[in-house]
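Novice: Sequence plus predicted model, see below.
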Amino acid sequence: MLLNRINSMALAFVATSLLLAASVNAQSLRDPTLPGQGYAVVTPQNISQQSLVLNSIVNGQHAYAVINNKIVAVGGKVNNGLTVSSIGQDNVTLSDGRKLQLFQSITER
């Protein structure tokens with residue numbers, strides 16, 4: 001009987017120790033998917049208004065370009081009042097002289 005009581009006390013001690021250790025470890029572990037300290041959150045307000053991305057070009061009877069996820073034609077307005085001067089096969093020329101270029105496609109050899 002004394003042996004059973006000692007075994008149950010030892011078992012309770014071990015179980016309590018394991019629970020405390022697990023609790024301490026859970027509190028000290030950090031989610032690895034979260035950014036570290038000192039990170040900057042980038043929101044659309046933080047992105048420069050000057051950055052323009054040519055997403056795609058559709059050529060046909062009328063040419064259209066997708067710039068910053070918006071469909072525009074020749075003469076259409078993009079950010080900051082710029083207009084699209086011309087739309088080529090793989091580039092778009094803006095009214096301020098800038099030329100937006102599509103990425104070259106990757107072909108297999």
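Specialist: Noted; the coordinates are in hand.
Novice: Please pull out the lowest mean pLDDT helix or strand from this structure.
Specialist: In the chain, no helix or strand scores lower on mean pLDDT, DSSP states H and E than helix 2-28, which sits at a mean of 65.
Novice: so how many other residues sit close to L82?
Specialist: Each residue near L82 was counted by other CB atoms under 10 Å, and the total is 17. Backbone N, C-alpha and C define where each C-beta goes, glycine included.
Novice: Can you read off the backbone torsions of it?
Specialist: When read as degrees, to the nearest 10, the backbone of L82 gives phi -70, psi 150.
Novice: wait, what's in contact with it?
Specialist: Shown in contact with L82 (CB atoms under 8 Å, 6 or more residues apart in numbering): 52, 94-96, 98.
Novice: quick one: low-confidence parts of the chain?
Specialist: Counting by pLDDT under 70, the chain has low-confidence residues at 1-7, 18-28, 36-50, 104-109.
Novice: any idea how it splits into domains?
Specialist: According to automatic domain parsing, the chain is divided into the following domains: 1-28, 54-101.
Novice: how long is the longest one end to end?
Specialist: The first and final residues of domain 54-101 sit 7 Å from each other (CA to CA, to the nearest Å).
Novice: Is it correct that K77 is in contact with S95?
Specialist: No: taking CB atoms under 8 Å as the contact criterion, K77 and S95 are not neighbours in contact, 9.4 Å apart.
Novice: picking that back up, format the domains of the chain as CSV; extra columns: distance to L34.
Specialist: As requested, the domains of the chain are arranged in CSV below (distance: least, CB to CB, whole Å):
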stretch, distance to L34
domain 1-28, 15
domain 54-101, 28
